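Enquirer: Any chance you could fold what I've pasted below:
(one chain, ligands or ions: 1)
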Amino acid sequence: MSLVIGNSSFVIRPRPLGPSAALFLAVVILTGCGDAGGARVLNRKAAEIIATTTQPADTVWLDDCELSSVDDRSGSPGKSKCFVGKPIILAGQTYPRGVGVHAPSEIIIDLDGAATRFQAVVSIDDEVGKLGSAVFSVWVDDRDAAHTAILRGGGPPREISVDLTNAKRLWLVVDDGGDGIDKDYADWAMARIEMKPGATTKPRISRIVDPAPPAIVMMKPGDHLTGVPEIHPPFVVGATPGRPFLFRVPATGAGPMRFTADRLPAGLKIDANSGIISGTLKERGRTDVTIAAQGSLGRSSSTLTIIGVEHRLAQTPPMGWNSWNAWGTSVDEAKVKAAAAAFESSGLAALGYAYVNIDDAWEGSRDAQGRIRTNDKFPDMRALAGHLHRMGLKLGIYSSPGPKTCAEFEGSKDHELDDARTYAEWGIDLLKYDWCSYGKISNDLPRAELRKPYELMRAALDVCGRDIVYSICQYGRGKVWEWGAEVGGNYWRTTGDIIDTWACMSVIGFAEHAHAEFSRPGHWNDPDMLVVGRVGWGPTLHATRLTPNEQVTHITLWSLLAAPMLIGCDLSQLDDLTFSLLGNADVLAINQDALGRQAARVARTGTLLYGPKADVTEIWSRPLEDGSIAVGLFNRGAGEATVTARWPDLGIRGKHNVRNLWLKQELAPADGSFTTKIPRHGAVLIRLTPAPK
Ligand code: GAL
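Expert: Model prediction:
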């Protein structure tokens with residue numbers, strides 16, 4: 001297909017498009033490459049005048065509005081500051097007022113017809129030098145009232161002036177400029193709304209809510225601990241012979257439960273009451289073990305494959321909890337124990353969640369021998385690990401290859417071996433190793449330099465005598481997905497930190513398309529921890545800012561992506577929606593599928609991702625071990641959409657049985673395509689199985 005815009009002609013490839021390329025195309029289609037509507041280039045003198053002019057009394061400044069529900073990549077726009085908290089400076093001119101966001105960003109403002117004009121000066125903040133690029137657009141109700149060309153760091157800003165007479169809603173949108181969102185610090189300098197004289201209402205920052213609850217089966221914590229027994233994945237686990245082995249068979253159903261395991265490899269035993277398999281593998285090799293769980297309402301059995309070979313940990317993506325998105329540096333032993341207790345009482349442990357990971361802020365000082373000690377919040381790490389192990393759970397910990405962690409605690413630099421040994425002594429099962437203070441903060445270190453600290457800790461873990469899952473965290477530098485497995489990482493973060501906004505979660509999640517080929521059993525892409533439930537990154541928590549449908553998209557994507565399922569909320573305050581999202585066994589089975597193939601995007605329609613005319617829909621799929629395929633249908637648009645998954649895109653033919661996994665329902669068999677309606681920012685997840693002829 002070819003498209004003519006203005007004087008330029010573009011050839012559009014139907015697919016596949018990288019996220020940036022697709023977005024760039026959207027931007028081009030929207031803007032025709034240049035400034036339009038109420039946007040014009042601002043010269044130096046005019047900028048100076050705008051920056052120093054006082055406004056009449058009927059003006060409402062954007063930075064005076066409550067901004068906590070603004071949807072942007074950072075999660076916390078700057079008030080009269082750029083988003084990193086420094087003054088707003090565009091092309092050398094400092095502006096005393098305005099709002100600094102990180103693209104992508106969407107600020108929706110309800111006006112009730114009481115405003116007359118919106119004005120602002122926009123561009124990329126000088127903080128990032130010549131880096132960063134973005135397109136700003138202003139929508140009045142459904143009308144594209146002004147948009148800029150692609151603005152780049154250091155280039156001339158644009159003045160925006162838009163008539164708001166009778167307008168009900170104003171949308172301030174910043175999109176990436178086609179080269180990814182890195183360094184897209186975008187400022188709405190001097191942004192202000194003039195009101196009608198004597199207007200009785202004020203502009204209000206608005207959030208679009210779901211018109212109806214999402215189409216998912218709702219459950220309550222504990223629901224899984226009734227009913228007939230069911231054994232859940234993982235159905236394949238790897239461990240090193242000669243090292244301590246621990247695996248709790250995930251099984252739901254009414255107790256008391258009794259477990260048996262036939263043909264367990266030498267050195268392992270199963271506890272009949274808890275289903276915990278422990279011991280030490282005596283020999284290398286692969287064994288298929290028949291596991292049975294007998295509950296008060298029936299019996300279930302399945303095959304568990306145990307691979308006793310070096311470097312075969314995390315055969316399926318780790319499932320568990322991490323303290324950071326909930327508690328930040330306020331994590332302590334009581335909170336960790338509370339998470340473990342909630343895993344047990346809610347039934348999430350019975351569904352396969354096993355890791356309880358302490359993130360940053362457990363570290364104390366080193367003793368005279370250089371041995372790391374815990375701080376006061378963790379009186380006895382070894383006892384804590386023992387507590388979790390008795391529950392069949394595992395304990396994760398965190399450090400940095402630098403001298404300091406990101407929260408300024410003691411890092412592992414020059415103590416790699418000491419620390420690996422200490423972790424092994426304590427009984428640690430997972431290490432998240434976070435770049436932080438290692439070297440200069442730079443994106444362009446040679447790959448060898450980026451690998452070095454991770455290779456060093458890998459070597460230390462190899463000789464520590466314990467199986468410790470290795471989580472690499474360096475925010476995706478140097479295309480870590482291309483070499484994360486080579487340095488022995490079991491999973492690697494592909495992005496900066498996640499925040500509980502749609503702009504952030506969706507950008508991170510959908511960008512995984514580009515990394516799909518690098519993910520495989522034992523080595524997974526990590527788009528960061530989950531942001532459903534009550535999160536807060538500190539002592540005070542709030543309910544996730546994602547709408548329920550956005551949360552469905554989040555968990556659907558992470559399941560399809562074979563991403564580590566690391567819950568980031570306070571588990572002791574699990575509401576029904578959060579539990580239903582985290583505890584759907586059909587959905588988790590996709591994440592834990594033993595084939596271990598990450599989903600990729602197979603089709604995409606629409607051009608705009610943000611604003612009232614956003615219309616992008618996507619189809620993602622992954623093949624599963626039993627020959628069926630999982631298909632995610634996503635609506636990234638502003639309103640309800642009808643979305644179709646077509647067999648040629650999915651690489652299948654003929655009649656297929658269709659199961660809606662969130663609804664746990666068999667639908668009518670389909671042949672050729674499957675079509676469904678999806679609400680704004682929502683998703684539908686189906687499993688297609690070839691129908692018998
Ligand atoms: C960040 C990391 C977060 C968290 C934090 C702790 O660099 O991305 O996930 O671990 O450090 O300080």
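Enquirer: rest of the way, CA atoms for contacts and neighbours
Expert: Noted.
Enquirer: For residue 342, which three-state class applies?
Expert: Under DSSP: H, G, I helix; E, B strand; the rest coil, the three-state class of residue 342 is helix.
Enquirer: surely it meets residue 572?
Expert: Yes - with contact defined as Cα atoms under 8 Å, residue 342 reaches residue 572; the gap is 5.7 Å.
Enquirer: And those two? Which one has more around it.
Expert: Neighbour count, other Cα atoms under 10 Å: between residue 342 and residue 572, residue 342 has more, with 20 against 16.
Enquirer: contacting residues around the more buried one?
Expert: Going by Cα atoms under 8 Å, 6 or more residues apart in numbering, residue 342 touches 348, 571-572.
Enquirer: and the residue in the stretch 501-650 of the chain positioned nearest to the ligand, how many neighbours does it have?
Expert: For the stretch 501-650 of the chain and the ligand, the shortest gap (Cα to the nearest ligand atom) falls at residue 528, measuring 7.1 Å. Look at residue 528: counted by other Cα under 10 Å, it has 27 neighbours.
Enquirer: distance of it from residue 474?
Expert: Per Cα to Cα, to the nearest Å, residue 528 is found 11 Å from residue 474.
Enquirer: same check, this time on residue 351
Expert: From residue 351 to residue 474 the distance is 30 Å (Cα to Cα).
Enquirer: These two: who's more crowded?
Expert: With neighbours defined as other Cα under 10 Å, residue 351 and residue 474 compare such that residue 351 has more, 27 against 21.
Enquirer: Give the closest residue to the more buried one in space, chain neighbours not counted.
Expert: residue 250 (5.3 Å; Cα to Cα, 6 or more residues apart in numbering).
Enquirer: residue contacts, that neighbour?
Expert: Counting by Cα under 8 Å, 6+ apart, residue 250 has contacts 231-234, 275, 349-352.
Enquirer: Give me every residue in the protein lying close to the ligand.
Expert: Counting by Cα under 6 Å from any ligand atom, the positions of the chain adjacent to the ligand are 324, 359-360, 406-407, 434, 436, 497.
Enquirer: Select from the residues you listed every entry located in helices.
Expert: Those of those mapping onto helices are residue 324, per DSSP state H.
Enquirer: now the residues of the chain next to the ligand in a markdown table, with neighbour count?
Expert: Listed next are these as a markdown table, based on neighbours: other Cα atoms under 10 Å:
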| residue | neighbour count |
| --- | --- |
| 324 | 23 |
| 359 | 24 |
| 360 | 26 |
| 406 | 18 |
| 407 | 13 |
| 434 | 25 |
| 436 | 22 |
| 497 | 17 |
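Enquirer: how about the nearest residue to the closest residue to the ligand within the stretch 251-400 of the chain, chain neighbours excluded?
Expert: Distances between the stretch 251-400 of the chain and the ligand by Cα to the nearest ligand atom are smallest at residue 360, namely 4.7 Å. Among residues not flanking residue 360 along the chain, residue 398 sits closest, at 5.8 Å (Cα to Cα, 6+ apart).
Enquirer: Tell me the secondary structure at the one you found.
Expert: When states are read from three-state DSSP, the local structure at residue 398 comes out as strand.
Enquirer: so it touches residue 429, yeah?
Expert: No - counting by Cα under 8 Å, residue 398 does not reach residue 429; the two are 11.0 Å apart.
Enquirer: Please identify which of these two sits among more neighbours.
Expert: Between residue 398 and residue 429, counting by other Cα under 10 Å, residue 429 is the more crowded of the two (23 against 20).
Enquirer: ok, residue 432 - contacts?
Expert: Residue 432 touches 359, 396-399, 470-473, counting by Cα under 8 Å, 6+ apart.
Enquirer: repeat that for 7 Å
Expert: Residues in contact with residue 432 (Cα atoms under 7 Å, 6 or more residues apart in numbering) are 397-399, 470-473.
Enquirer: And residue 239, by the same measure?
Expert: 245, 307-310, 312-313.
Enquirer: on that earlier part again, overlap of the contact sets of residue 528 and residue 474?
Expert: Listed as contacting both residue 528 and residue 474 by Cα under 7 Å, 6+ apart are residue 493.
Enquirer: ok, so of the residues of the chain next to the ligand, who is nearest residue 149?
Expert: Nearest to residue 149 among these is residue 497, at 28.8 Å by Cα to Cα.
Enquirer: Which residues are in contact with that closest one?
Expert: Shown in contact with residue 497 (Cα under 7 Å, 6+ apart): residue 528.
Enquirer: Low-confidence bits of the stretch 551-693 of the chain, can you list those?
Expert: Within the stretch 551-693 of the chain, no range satisfies pLDDT under 70.
Enquirer: And the strands in it?
Expert: 565-567, 600-605, 617-623, 629-635, 641-646, 655-660, 665-671, 673-678, 683-690 (DSSP state E, counting those that start in this stretch).
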